[in-house]
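1. would you be able to build a 3D model of this:
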Amino acid sequence: MDSHSTSGGSGFARVVRTPVALIRANRRPYLLLNSLAYGLLTLGLVLGAAFPGLNAALTGGMEESGTTDLVVSLLATPWLFALTITAVNLGRIALASIVLPSLVVPFAGIPVFCYFAVETGITLAPVDHATTMTLIPHSVTMVVEFQAYVLLLLGAYILGRSWIRPSSVGAVTRGRGYLRGLQRLGWLALPALALFVVGAIYEALSLTYLLPLLFT
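-> Reported below is the predicted structural model:
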């Protein structure tokens, strides 16, 4: 039972302490979601490397849509690139793929994210020398960003469980359980947001300054 209470404490200490307490209270699902997220990402990398046609199809679609050209143009301005990456991670993936589906259907964001994780792995697969070298600094970005996704997945899990089984959060009705689950999702979203920002800044700086060194 998740008997965590968000009462007590204030300020920055509470912002740190509450998500940590939630992770500890839900250690098993947290570890399982980590295994799921990083495992599916790795599966995608293996599939993309083993079947280059899959990688070519996804990257080709990005080129046709203009996504690749946009990324290249933004690299000239690292801070703008970091801001754009943060907005994409928050809007298209965190909100649209994980949070919003889970607000409507219990746990719905988890399978949607699973598809995204495999697709991401295929897209970033080391199919040639250039992509292999790019993956070296970008692997840090993937670890950081996927940890942010895991925190949101944990929040989606807690929300779904609270909704279906209100007693898990000490609630009597499903409506109360939903609200308490939503509150816990909000607490976990705070460190996820911080990780998204850190990951975007590192990605912008590594692609702008570190990656060119690997090709010299």
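2. roughly how far apart are the residue positioned nearest the centre of the chain and residue 111?
-> With distances taken as Cα atoms, centre = their mean, residue 149 lies nearest the centre of the chain, 2.4 Å away. For residue 149, the distance to residue 111 equals 13 Å [Cβ to Cβ, to the nearest Å]. Every residue, glycine included, has its C-beta placed from N, CA and C.
3. could you point out which element follows the one helix or strand in the chain whose mean pLDDT sits lowest?
-> The helix or strand of the chain with the poorest confidence is helix 67-74; it has a mean of 69 (mean pLDDT, DSSP states H and E). Counting by DSSP states H and E, the element after helix 67-74 in chain order, helix or strand, is helix 78-88.
4. counting contacts, what elements does that following helix pack onto?
-> helix 67-74, helix 174-205 (3 or more Cβ pairs under 8 Å, 6 or more residues apart in numbering; DSSP states H and E).
5. in this protein, spot the helix with the most residues.
-> helix 129-164 (DSSP state H).
6. angle of that one against helix 174-205?
-> 170 degrees (axes from the mean of the first three to the mean of the last three Cα atoms, to 10 degrees).
7. how far does helix 129-164 sit from its chain's centre?
-> Its chain's average C-alpha position is 3 Å from that of helix 129-164, according to Cα atoms, centre = their mean, to the nearest Å.
8. what comes up buried for it?
-> Neighbour counts over helix 129-164 (16 or more other Cβ atoms under 10 Å) mark 131, 134, 137-138, 141-142, 144-163 as buried.
9. so the residue nearest to the centre of the chain touches residue 113, yeah?
-> Yes - between residue 149 and residue 113 there is a contact under Cβ atoms under 8 Å: 6.3 Å.
10. find the residues that touch each one of those two.
-> Shared contacts of residue 149 and residue 113 (Cβ atoms under 8 Å, 6 or more residues apart in numbering): 37, 93, 98.
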